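[1] build me a model:
(one chain, ligands or ions: 1)
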Amino acid sequence: MHHSKDNQAKASANKPSVSDEKIFAIPLKVEDVADCYFYHTMELPGHGVIKGRDWDLRGGVDEYLGKVEFAGQRVLEIGPASGFLTFEMEKRGAEVVSVEVTAEHGWDFVPYPADRLQEVFGARRIVMQQLKNSYWFSHAAHKSRAKVYDGDVYNLPAALGQFDIAVMGSVLLHCRDPLRIVEQCGKMARALIITDMFHPDLEGVPVCRLAPTAQNFLWHTWWNFSTQFFTQFLAVMGFTISEILRHQQYHRGRPYTLFTVVGRR
Ligand SMILES: C[S@@+](CC[C@H](N)C(=O)[O-])C[C@H]1O[C@@H](n2cnc3c(N)ncnc32)[C@H](O)[C@@H]1O
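    Sure thing, here's the model as predicted:
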């Protein structure tokens, strides 16, 4: 079959695979490590190992990312936190664009009574800025070319372009409408990687369970998922599941079992 150059140009104009550069964040200059909240334990050129407050994924990166091949892949990452996975994917040859919250489109707070939530807002604002600082501090140390789009995860702009892979690592549990995020990523990428906490008591049925109760004041987390919740939804969207992995990762020194679902068209 013969395609003229004009036709090829028209086809690519309809579906941009290259993004509009203007939408990306300008890197923050962060000079002092004391201004950072490291969510991940990071090993940074020139700074050594910086112990994270939450997760140390160094022993299980490939499992966490579903053992997917990243060389030459354009990757959309939802919620990079300190960027440990961003820079690991980049090391493996990926070109990464990450989506992070803004002041306007912030954390999906669980709607506890306003006076109770008020108590966490102030400290949260500071931590979120320090979290972003940790990303940019690490970005500079790695001389990374990864890009960040600060915006509304529920309305991702077409200007981000098309991707080979979209990664949703430990983020959907924090979002009120996780399936809307999966749906959008599914339209923008050919392969999806979803990693979340494994709950053996939910396995066997395609369900998610509301995590916050009146007592536990879990203002930052909405859901516990079964793996079938995602595999069934991915199949609905036309993805055929290539794999479900289970792996152990370390949070504040304690091991937890997580799952990774990889879906491909
Ligand atoms: C628990 S961390 C996970 C970090 C990393 N993806 C990983 O798997 O280790 C969640 C990340 O998602 C971001 N996030 C949470 N809610 C979000 C939302 N509604 N839109 C975009 N990012 C969000 C957080 O700011 C943070 O960067």
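[2] now do the contacts for the residue nearest the centre of the chain.
    With distances taken as Cα atoms, centre = their mean, the chain has Ile78 as the residue nearest its mean C-alpha position (3.0 Å). By Cβ atoms under 8 Å, 6 or more residues apart in numbering, the residues touching Ile78 are Ser98, Val99, Val153, Ala166, Val167, Met168, Gly169, Val171, Ile181, Cys185. (Each C-beta comes from the backbone N, C-alpha and C, glycine too.)
[3] from the ligand, how far out is it?
    Relative to the ligand, Ile78 is positioned 6 Å away (criterion: Cβ to the nearest ligand atom, to the nearest Å).
[4] confidence score at that residue?
    At Ile78 the predicted local confidence, pLDDT, stands at 98.
[5] same thing with Ser170?
    With respect to pLDDT, Ser170 has a value of 98.
[6] for it, give me its contacts.
    If you count contacts by Cβ under 8 Å, 6+ apart, Ser170 has them with Trp55, Gly79, Thr195, Asp196, Met197, Leu258.
[7] who's in contact with the last one?
    When you say that, I think you mean Leu258. Leu258 makes contact with Tyr64, Ser170, Thr195, Asp196, Met197, Phe198, Arg246, His247, Gln248, Gln249 under the criterion Cβ under 8 Å, 6+ apart.
[8] nearest to Ile26, of the contacts of Ser170?
    Among these, Gly79 lies closest to Ile26 (Cβ to Cβ), at 19.7 Å.
[9] quick one: the closest one and Gly169 touch, right?
    Yes - under the criterion of Cβ atoms under 8 Å, Gly79 lies in contact with Gly169, with a separation of 7.2 Å.
[10] can you name the residue of the stretch 51-200 of the chain nearest the ligand?
    Sorted by distance to the ligand under Cβ to the nearest ligand atom, the residues of the stretch 51-200 of the chain start with Gly79, at 2.0 Å.
[11] give me the spatial nearest neighbour of that residue, chain neighbours excluded.
    Among residues not flanking Gly79 along the chain, Val171 sits closest, at 3.8 Å (Cβ to Cβ, 6 or more residues apart in numbering).
[12] what number of residues lie near that neighbour?
    Using other Cβ atoms under 10 Å as the criterion, Val171 is surrounded by 20 other residues.
[13] how about Ala123?
    The number of residues packed near Ala123 is 9, by other Cβ under 10 Å.
[14] which residues of the stretch 1-150 of the chain lie near the ligand?
    Within the stretch 1-150 of the chain, the residues that sit near the ligand (Cβ under 6 Å from any ligand atom) are Trp55, Ile78, Gly79, Pro80, Ala81, Leu85, Val99, Glu100, Val101, Trp107, Asp108.
[15] try 5 Å this time
    Gly79, Ala81, Val101, Asp108 (Cβ under 5 Å from any ligand atom).
[16] just the local confidence number for the second one, please.
    Turning to Ala81, the model gives it a pLDDT of 98.
[17] just checking, it touches Leu131?
    Yes - assessed by Cβ under 8 Å, Ala81 is found in contact with Leu131 at 6.0 Å.
[18] make a markdown table out of the contacts of Ser170 and add secondary structure.
    What follows is the contacts of Ser170, written out as a markdown table (DSSP: H, G, I helix; E, B strand; the rest coil):
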| residue | secondary structure |
| --- | --- |
| Trp55 | strand |
| Gly79 | coil |
| Thr195 | strand |
| Asp196 | strand |
| Met197 | strand |
| Leu258 | strand |
